[in-house]
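Chemist: coords please:
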Amino acid sequence: METLTITRPDDCHLHVRNGAILKTVLPHTARQFARAIIMPNLKPPVTTVAQALAYREEILQAIPEGVNFTPLMTLYLTASTTIDEIKRAAECEHIHAFKLYPAGATTNSDAGVADVTQIYPLLAALEKYDLPLLIHGEVTDEDCDIFDRERVFIERYLLAIVANFPALRIVLEHVTTKEAVEFVESASDKIAATITPQHLLFNRNAMLAGGIKPHYYCLPILKRETHRLALVKAATSGNPKFFLGTDSAPHFTNLKENSCGCAGCYSALAALELYAEAFESVNALDKLEGFASFYGADFYGLPRNVDSVTLEKNDWIIPASYDEITPLKAGELLHWKMV
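Modeler: Below is the predicted model:
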């Protein structure tokens, strides 16, 4: 196959930050994706409808002229979130979900929830108003091994959430383990998951073998090869519970390459090409369109896009740097390129 044309995809998990860095990174997403679910973990976090609408306007101003791109906004769920705010969010056409961060789990998650059981009334409201809950599914206990945090979160919290709120739509974001895949597969059709390009392409050796490579460091962290293979199998299975979410997370290179580097991989520069590499590796390019373009839109109750994008077999090198940001696989060869 020398070319691949698919319905224009959506990115169901994206960080674009704000300010100057937003203007740098947004064009990379907008040229590939028609829509994106925008994460709310700014400083300060986006916790109200008013803040989300203001952030949306900032994003709209950063879209290149002539490009059709729609940001789909989310609110940051905290212990201080009110049921009235959830109701306002449900009534706003631009708000599509709430995001749950366990406190301290990842970048800008300090305002997250310390005890998930204490926000059950808020989860009941999300269920009532049919607003999806997007979960960064990791515990943050110091005594829990970082490679086990996703599995433990599922066992300790997520099973109970699903049992108590069976009608609540939930996306387990950026799944990284065989256990997470099995949980989603066995759950009701209210439960879905996003999968990133880095977790499809790399295991933890890419980050740690032969020296520490900070641009492969993200949270949840890369896992063993057995887990990567389980993710690839899920993503290429045609199961509509699994869909594209890059979790592209830009940080300036100097903030990644230091004694306490930030978590996050910047994949937006070549996101669709990276996914194509992963799908081609198991001869499943025919499954990419559903994963990238259909299943996320269906889960969120959005119309499928009608325009298309084309990739061609064309070797190119990902730039070593882009405006002081080091992209995923910087300086390395890719075999697909969007045209």
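
Chemist: when you work out contacts or count neighbours from here on, use the C-alpha atoms and nothing else.
Modeler: Noted.

Chemist: packing partners for the strand of greatest length in the chain?
Modeler: Longest strand in the chain by number of residues (criterion: DSSP state E): strand 308-317. With contacts defined as 3 or more CA pairs under 8 Å, 6 or more residues apart in numbering; DSSP states H and E, strand 308-317 has these neighbours: strand 3-7, strand 333-338.

Chemist: isn't residue 197 up against residue 271?
Modeler: Yes: look at residue 197 against residue 271 with CA atoms under 8 Å: they come within range, at 7.1 Å.

Chemist: now do the shared contacts for these two.
Modeler: Any residue near both residue 197 and residue 271 by CA atoms under 8 Å, 6 or more residues apart in numbering counts here, and that gives residue 246.

Chemist: so how far is stretch 34-42 off the chain centroid?
Modeler: Here stretch 34-42 shows a centroid-to-chain-centroid distance of 9 Å under the convention CA atoms, centre = their mean, to the nearest Å.

Chemist: end to end, how far does that stretch reach?
Modeler: Taking CA to CA, to the nearest Å, the span from the opening residue of stretch 34-42 to its closing residue is 23 Å.

Chemist: got a list of contacts for stretch 135-142?
Modeler: Residues lying outside stretch 135-142 but in contact with it, judged by CA under 8 Å, 6+ apart, are 99-105, 149-154, 170-174, 220.

Chemist: that older thread, residue 197 and residue 271 - which one has more neighbours?
Modeler: residue 197 (27 against 24; other CA atoms under 10 Å).

Chemist: who's in contact with the more buried one?
Modeler: Residue 197 sits in contact with 246, 267, 271, 274-275, 278, where contact means CA under 8 Å, 6+ apart.

Chemist: ok so, going back, minimum distance to residue 145: which of the helices and strands packed on strand 308-317 has it?
Modeler: Between residue 145 and the helices and strands packed on strand 308-317, the tightest spacing by CA to CA is seen for strand 333-338, at 33.6 Å.

Chemist: partner strands of the closest one, with direction?
Modeler: Paired neighbours of strand 333-338 in the sheet (DSSP bridges): strand 308-317 (antiparallel).

Chemist: need the contact partners of the strand it pairs with.
Modeler: Taking CA under 8 Å, 6+ apart as the rule, strand 308-317 contacts 1-8, 32, 273, 330-339.
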